[in-house]
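Visitor: I'll drop the sequence and a predicted model, then ask my questions.
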Amino acid sequence: MHSKMFSTLKRQYTLGYVTKDTLRGRVELYKTKPAKGITEAEYEEITGEAYDV
């Protein structure tokens, strides 16, 4: 199951409203506030690229 923000951020990324940098920030945010971020695996699913710290 995906995190709460996955669908929203995936749609925004597809439409060009958010960047990979924004998504990286959401991965970091997930560590302290899971309801506001996405996991590393979700980042990879959205961007098609591995998450590098």
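Guide: Looks like it arrived, so ask away. Numbers count the residues shown, from 1 in each chain.
Visitor: For Tyr43, give me its contacts.
Guide: Taking CB atoms under 8 Å, 6 or more residues apart in numbering, we find Tyr43 in contact with Leu23, Arg24, Arg26, Val27, Tyr51. Bear in mind the C-beta positions are built from the backbone N, C-alpha and C, glycine included.
Visitor: Kindly report the same for Gly48.
Guide: Taking CB under 8 Å, 6+ apart, we find Gly48 in contact with no residue.
Visitor: burial measure for Arg26, as a count.
Guide: The number of residues packed near Arg26 is 22, by other CB atoms under 10 Å.
Visitor: try Tyr30
Guide: Using other CB under 10 Å, Tyr30 has 20 neighbouring residues.
Visitor: Does it touch Ile38 like I think?
Guide: Yes. Proximity of Tyr30 to Ile38 meets the contact threshold set by CB atoms under 8 Å, at 5.8 Å.
Visitor: hmm, back to that, from the contacts of Tyr43, which is closest to Met5?
Guide: Closest approach to Met5 among these (CB to CB): Arg26, at 6.6 Å.
Visitor: what pLDDT does the closest one get?
Guide: Looking at Arg26, its pLDDT reads 98.
Visitor: same deal with Val53?
Guide: Reported pLDDT for Val53: 77.
Visitor: For Asp21, give its distance to Met1.
Guide: Distance of Asp21 to Met1, given as CB to CB, to the nearest Å: 26 Å.
Visitor: ok, these two, which is more surrounded?
Guide: Neighbour count, other CB under 10 Å: between Asp21 and Met1, Asp21 has more, with 8 against 4.
Visitor: What's the separation between the more buried one and Glu42?
Guide: According to CB to CB, Asp21 and Glu42 sit 16 Å apart.
Visitor: got it, and Tyr30?
Guide: 9 Å.
Visitor: Which residues are in contact with each of these two?
Guide: Taking CB under 8 Å, 6+ apart as the criterion, Tyr30 and Glu42 both touch Ser3.
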